[in-house]
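Undergrad: Give the three-dimensional model of this entry:
(2 chains)
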Amino acid sequence: MTDHDDHVGKPASVGRRQFLKVAGITTGGVLAAPAILKLTSVASAADRTNITFASAKFFGKRTVAEMVDVFNQSQSRILVRYDELPPPSSSTEVHQGLVQRLAKKDGSPDVFTQDVVWIAEFAGAGWALPLDEYVTANEAAAYFPGVLAACKWQGKLTALPWYVDSGMLYYRKDLVSKAPETWEELVAAATDIMKAGKAKIGFSWQAKQAEVLICDLVEFVTSNGGSILGDDGKTVHIADDAAVEAVQFMYDTIEKYKISPPDVRSWDEEPSRTPFTGGDVAFLRNWSYVYPICQDAKASSVVDKVGVVPLPHFAKGKSAACLGGYQYGVNASTKNRDASVEFLKWLSSPETQLLFATELGLAPSRPAVFDSAELGKAQPFMQTLKPVFVGATARPVTPKYSQVSLALQSAVSKAVTNGNVADALKEAKAKLEGIVGA
Amino acid sequence: MTTLPSVGRLADSRRSKRLTQRSRAERWAPLLFLLPAAFTLLTVSVYPVIDGLRLSLRNTMLSTQEDAFVGLSNYVRLTADPDFWSAWRHTMLFTAASTLLETVLGMAMAIVLYETFKGRGWVRAAMLVPWAIPTVVTSKMFGWLFDGQHGVVNWLLMQTGLIDGYVNWYGDSQTALLTIIIADVWKTTPFMALLLLAGLQTVPHSLVEAARIDGAGPWQCFWSIRLPLLFTTLLIAGMFRALDAFRIFDLVYVLTGGGPADSTEVLSTLSYKVLFSGLDFGYGSALSAAMFITEALIALGFGLFIVRRMRRDNG
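TA: Numbers count the residues shown, from 1 in each chain, chains lettered A, B, ... in the order given. Sure thing, here's the model as predicted:
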């Protein structure tokens, strides 16, 4: 600038020279601003404890990254850096990314989020810090019992609940006067509706050879009082009578009662949802994401005609909803344990859960948060789901969940396709014993 | 005058020095030029194969942190694994059926496109469109076409009276693999047609003309002149196609996920599940090695045929 001034000597250019000076300083200032700001943030970062947080990518009105910023601005002792993993729809890639990071045991990431089915695997490998000493019994009692149970491995709490999702029954309020409570009632109601020609499909669910088939399986089997693995995670109950009856019922919805089309064998979530919002289906088993679509007049012909209730059960069982959702964990080899736990507790606190609910549409795992007036205003439907989530049931809890799931997918797909239920499940039992047996 | 010979001798020795230098450079230069390619091949192709074979002899599992040498036990487990053999059969069936269909249909297309007609250039270009579409898009498209409830294929077959009820194409273990074969044939036949068209153009026109003058019909021309001369091309194209079809992944992954009842599970999807969902690198590598061996055998089979054929043609 000064160099320039010296060479411009004409009196006529004084005005321009001054203009240039001011403009130059302003431009310089604007350009330098981010650098200066960064400098101050780096300066404060040095005083703060730095931790990293790895999470699958979620977004609604705001993103997970923005939520991390909320924490960083709320206090001045800890600075969280966010390490973004792929979205939960790419579950295999998220899992791989986490395993690769945790297996290095270098303390990074300090805090992470995990699908509920990986909790046992990460705990079994010794990657997840046991949290019992940081969470009192009273604090633990504030979560849905099913979610908290899923956060435990061999009696130790190794994860803290984030958000909850589960299977639920959608039904057409205009076709059914009262939602069915048992599978028997559902079959009767669906048969009547189909006979009367009010809907083409009685009951839509998911039998594609994929993870969702295991979710549906857990719901059918548990609602008949059965289970897939015992509480020890080593005994196999998939070939017990309760499980065989339940899987037989899955097959019967297609071949005996004919309330489900054979197409469910290739349907996962979306293909099973489209005929429902198209008005062709009386009952649908699906996750909570379906409701907003039902109420969207552009995508749905059943606006205001849809009700949601807990899934039906068999005579000897109780309603069961397969638990989904992501939970928090702390890396066992973290070098900043106190800061990590503090951030973890902030993440799982009622205030933050409410924020995640209103800003990202993720349902809280604390029943108390459901009753808050803010949630009622921002997400009225979410509030009605509280009774559904109370019955949320975990999928088999074992460090070898991925292998267990793949073996079950193959066996149950065979059972609901060929109808040789007992044989398919016996075969599955032998395979599972090979995988989880001591 | 004494200087001349000495100068000559000096020049001579210089020349011979330059010559040895040049010959050394000539000997090393090609190797030097090959180095980048060799390095690339070694790092991206040879090393992974060898490392895969090494892993297949270990019980490496990321989630349990096991990692020990276990000899051939993964292969022993493989030979007794019904899932592996069913996937192997599906893969072989798919490979054989799709390669055969694509070769026959591709041949027919190539013959039509060889003839001169109006707009041939356009047709030749348009023919490649299915091949250029990403397979994931093809999968989604066939998902809608063959949909059991609203699919166009069912509707058309119903209209023409070929079926009495809607067929649950990829939701039925009897028809799922067939649906995938149809989708693959639709997508890859143009590629075969292109290869065979190139082969047809190498057949000397004079031979066909001579045959025509001798009174041969179009069928005879094809059967006795073009096809025998095209045979080597046919084998090479078939080999390429078979090796490619053997690796089928995306169509299955998107359309059926291996189901229903494992009826479309192929080796690629099975090893993907074992390797990346189960993170069982040891057994997964043994699966991949089995794929590699099968592919090598297929290539060898075709290779022997091709070599024999070429020898006969030349001799």
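Undergrad: Excluding chain neighbours, what is closest to A:P161?
TA: In this structure, A:P161 finds its nearest non-sequential neighbour in A:S365, 3.5 Å apart by C-beta to C-beta, 6 or more residues apart in numbering or on different chains. The way it works is simple: take the backbone N, C-alpha and C, and place the C-beta from them, glycine included.
Undergrad: backbone phi and psi for that neighbour, please?
TA: Here is the backbone geometry of A:S365 (degrees, to the nearest 10): phi -100, psi 10.
Undergrad: From B:T179, how far out is the residue of the stretch 251-400 of chain A found nearest chain B?
TA: Nearest residue of the stretch 251-400 of chain A to chain B: A:S266, at 3.4 Å (C-beta to the nearest C-beta). Using C-beta to C-beta, to the nearest Å, we find A:S266 at a distance of 10 Å from B:T179.
Undergrad: which SS state does B:M192 fall under?
TA: helix (DSSP: H, G, I helix; E, B strand; the rest coil).
Undergrad: Pretty sure it sits against B:R241.
TA: Yes: with contacts counted by C-beta atoms under 8 Å, B:M192 reaches B:R241, the gap being 6.1 Å.
Undergrad: In terms of neighbours, single out the busier of these two.
TA: B:M192 (26 against 22; other C-beta atoms under 10 Å in any protein chain shown).
Undergrad: Apart from its neighbours in sequence, what residue is nearest the more buried one?
TA: B:G106 (2.9 Å).
Undergrad: And for that neighbour, the neighbour number?
TA: B:G106, neighbours per other C-beta under 10 Å, totals 25.
Undergrad: so which residue of the stretch 1-150 of chain B comes closest to chain A?
TA: For the stretch 1-150 of chain B, C-beta to the nearest C-beta, closest residue to chain A: B:G148, 4.1 Å.
Undergrad: quick one: contacts for that residue?
TA: Contacts for B:G148 (C-beta atoms under 8 Å, 6 or more residues apart in numbering or on different chains) come out as A:261-263, A:266, B:154, B:166-169, B:171.
Undergrad: can you tell me which of these are in helices?
TA: B:N154 (DSSP state H).
Undergrad: I'd like the secondary structure assignment at whichever residue of the stretch 101-250 of chain A sits closest to chain B, please.
TA: Residue nearest to chain B within the stretch 101-250 of chain A (C-beta to the nearest C-beta): A:Q209, separated by 2.6 Å. Put simply, A:Q209 is coil when judged by three-state DSSP.
Undergrad: Which secondary structure state does the residue of the stretch 201-315 of chain B found nearest chain A sit in?
TA: Relative to chain A, the nearest point of the stretch 201-315 of chain B is B:G259 (2.6 Å; C-beta to the nearest C-beta). State at B:G259, reduced to three classes by three-state DSSP: coil.
Undergrad: ok, and the closest non-adjacent residue to it?
TA: Nearest to B:G259 is A:Q209, by C-beta to C-beta, 6+ apart, at 2.6 Å.
Undergrad: Could you tell me how many residues sit around A:G279?
TA: Neighbours around A:G279, by other C-beta under 10 Å: 15.
Undergrad: contacting residues for it?
TA: A:G279 neighbours (C-beta under 8 Å, 6+ apart): A:199, A:301-302.
Undergrad: doesn't A:C322 fall inside a helix?
TA: No: using three-state DSSP, the secondary structure at A:C322 is strand, not a helix.
Undergrad: Now the closest residue to it other than its chain neighbours: which helix or strand?
TA: Spatial nearest neighbour of A:C322, excluding adjacent residues (C-beta to C-beta, 6+ apart): A:C215 at 4.0 Å. According to DSSP states H and E, A:C215 maps onto helix A:211-222.
Undergrad: average pLDDT across that helix?
TA: Taken as a whole, helix A:211-222 has a mean pLDDT of 94.
Undergrad: cool, stretch B:71-86 as well?
TA: Rounded mean pLDDT across stretch B:71-86 is 92.
Undergrad: quick one: terminal-to-terminal distance for that stretch?
TA: 25 Å (C-alpha to C-alpha, to the nearest Å).
Undergrad: and that stretch, is it in reach of chain A?
TA: Yes: using C-beta under 8 Å from any C-beta of the partner chain, we find that stretch B:71-86 touches chain A at B:D83.
Undergrad: buried residues in stretch A:226-235?
TA: A:226-229, A:233 (16 or more other C-beta atoms under 10 Å in any protein chain shown).
Undergrad: How about stretch B:73-80?
TA: B:74, B:78.
Undergrad: Need the CA coordinates for that stretch. CSV is fine.
TA: Provided in CSV are the C-alpha atoms of stretch B:73-80 (Å, rounded to 0.1, in the frame of the first residue of the first chain):
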residue,chain,number,x,y,z
SER,B,73,-8.3,-75.7,8.2
ASN,B,74,-10.2,-72.9,6.4
TYR,B,75,-10.1,-75.0,3.2
VAL,B,76,-11.2,-78.1,5.1
ARG,B,77,-14.2,-76.1,6.5
LEU,B,78,-14.8,-74.8,3.0
THR,B,79,-15.2,-78.3,1.4
ALA,B,80,-17.7,-79.2,4.1
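Undergrad: got the residues of the stretch 201-315 of chain B near chain A?
TA: B:256-263, B:265, B:273-274, B:276-280.
Undergrad: Could you turn the buried ones of those residues into a ChimeraX selection?
TA: Of those, the buried ones go into a single ChimeraX selection, burial set by 16+ other C-beta under 10 Å:
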select /B:256,257,258,259,260,261,262,263,265,273,274,276,277,278,279,280
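Undergrad: nearest to B:P30, of the residues of the stretch 201-315 of chain B next to chain A?
TA: Taking C-beta to C-beta as the measure, B:P30 sits nearest to B:F276 out of those, at 41.2 Å.
Undergrad: Chain neighbours aside, what residue packs nearest to the closest one?
TA: Per C-beta to C-beta, 6+ apart, closest to B:F276 is A:T92, 5.5 Å.
Undergrad: Can you dump the C-alpha atoms of the helix or strand where the one you found lies in CSV for me?
TA: Element membership of A:T92 [criterion: DSSP H and E] is helix A:91-103. What follows is helix A:91-103, C-alpha atoms only, in CSV (Å, rounded to 0.1, in the frame of the first residue of the first chain):
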residue,chain,number,x,y,z
SER,A,91,-24.4,-50.0,8.2
THR,A,92,-21.7,-52.4,7.0
GLU,A,93,-19.4,-49.5,6.2
VAL,A,94,-20.0,-47.8,9.5
HIS,A,95,-19.3,-51.0,11.4
GLN,A,96,-16.1,-51.6,9.4
GLY,A,97,-14.9,-48.0,10.0
LEU,A,98,-15.5,-48.3,13.8
VAL,A,99,-13.8,-51.7,14.0
GLN,A,100,-10.7,-50.4,12.1
ARG,A,101,-10.4,-47.4,14.4
LEU,A,102,-11.1,-49.3,17.7
ALA,A,103,-8.8,-52.2,16.8
